[in-house]
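Asker: give the three-dimensional model of this entry:
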Amino acid sequence: MKLYFSKGACSRSVRIILHELNIPAEFEAVDFKTKKTASGKDYLSINPKGAVPALQLNDGSVLTENVAIHQYLADTHGAHHLLPELGNFQRYRTLEWFSYISSDLHKSCGPLFNSAVPDELKETIFKPALLNKFKIVEQQLQKNEYLMGKEFTLPDAYLFVVISWLKHFNIDLQTALPNVSRYYNALKERKSIRQALEEEA
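Answerer: Okay, the predicted model is just below:
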């Protein structure tokens, strides 16, 4: 198995889950500007979308998109603690959070990373909009250790990565989102996350 990644990108969440499940894998970095991998491969020949993550399976097939890769890893390794089995309604609650992180939180960070967007618009429109979406997470974490309660699940790995981006937008977590801040600091001590952070330096 090989994960194509970019340092600090959402592909880090897949790396976290690979370590969480002790799945042996190779890791190869992708340069978004050149669309080349660290070994010189044309990344578009691996993933025509040009985005990460892309997970090359042992049979050579390639799976893309976080939501698909996470489910594949959990389902094929019987990781019901990360994603409940079919028939368990909590599975859909877990995927509900995963979808919210992907479609609302992750996508809302895009304009703030975009150098073509004027700073004034970032400060007056996009940053407040992102913080407003994070209020849903803040409320969920008010009484819960993790998104789904007392157990770490797939969306926690993804949310950790998105939260890590907030420092780039000069957002003071402790002031703006104290529950999110507590949650993030606790997750940084989790073995799989520490390993992922160390590997991506």
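Asker: from here on, just use CA atoms for contacts and neighbour counts.
Answerer: Noted.
Asker: find the residue closest to the residue nearest the centre of the chain in space, skipping its chain neighbours.
Answerer: Central residue of the chain (Cα atoms, centre = their mean): residue 158, 2.7 Å from the mean position. Distances taken as Cα to Cα, 6 or more residues apart in numbering place residue 13 nearest to residue 158, at 5.0 Å, with adjacent residues excluded.
Asker: quick one: contacts of the top helix by length along the chain?
Answerer: For the chain, the longest helix by residue count, based on DSSP state H, is helix 127-140. Identification of contacts with helix 127-140 by Cα atoms under 8 Å, 6 or more residues apart in numbering yields 104, 105, 108, 109, 112, 147, 169, 177, 178, 179, 180.
Asker: which one of those residues is nearest residue 95?
Answerer: Closest approach between those and residue 95, by Cα to Cα: residue 147, at 11.1 Å.
Asker: so that closest one makes contact with residue 155?
Answerer: Yes - with contact defined as Cα atoms under 8 Å, residue 147 reaches residue 155; the gap is 7.5 Å.
Asker: still on that earlier bit, buried among the contacts of helix 127-140? Need that as a selection in PyMOL.
Answerer: To isolate the buried ones among those in PyMOL, judged by 16 or more other Cα atoms under 10 Å, type:
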select buried, resi 105+108+109+112+147+177+179+180
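Asker: run me through the strand neighbours of the biggest strand by length in the chain, direction for each.
Answerer: Counting by DSSP state E, the longest strand found in the chain is strand 26-31. Applying DSSP bridges to the sheet, strand 26-31 is found paired with strand 2-5 (parallel), strand 36-37 (antiparallel).
Asker: and of these, who's closest to residue 81?
Answerer: Here strand 2-5 is closest among the strands paired with strand 26-31 (Cα to Cα), at 22.5 Å.
Asker: which other residues reach the closest one?
Answerer: By Cα under 8 Å, 6+ apart, the list of residues contacting strand 2-5 reads 11-12, 15, 25-30, 37, 52-57.
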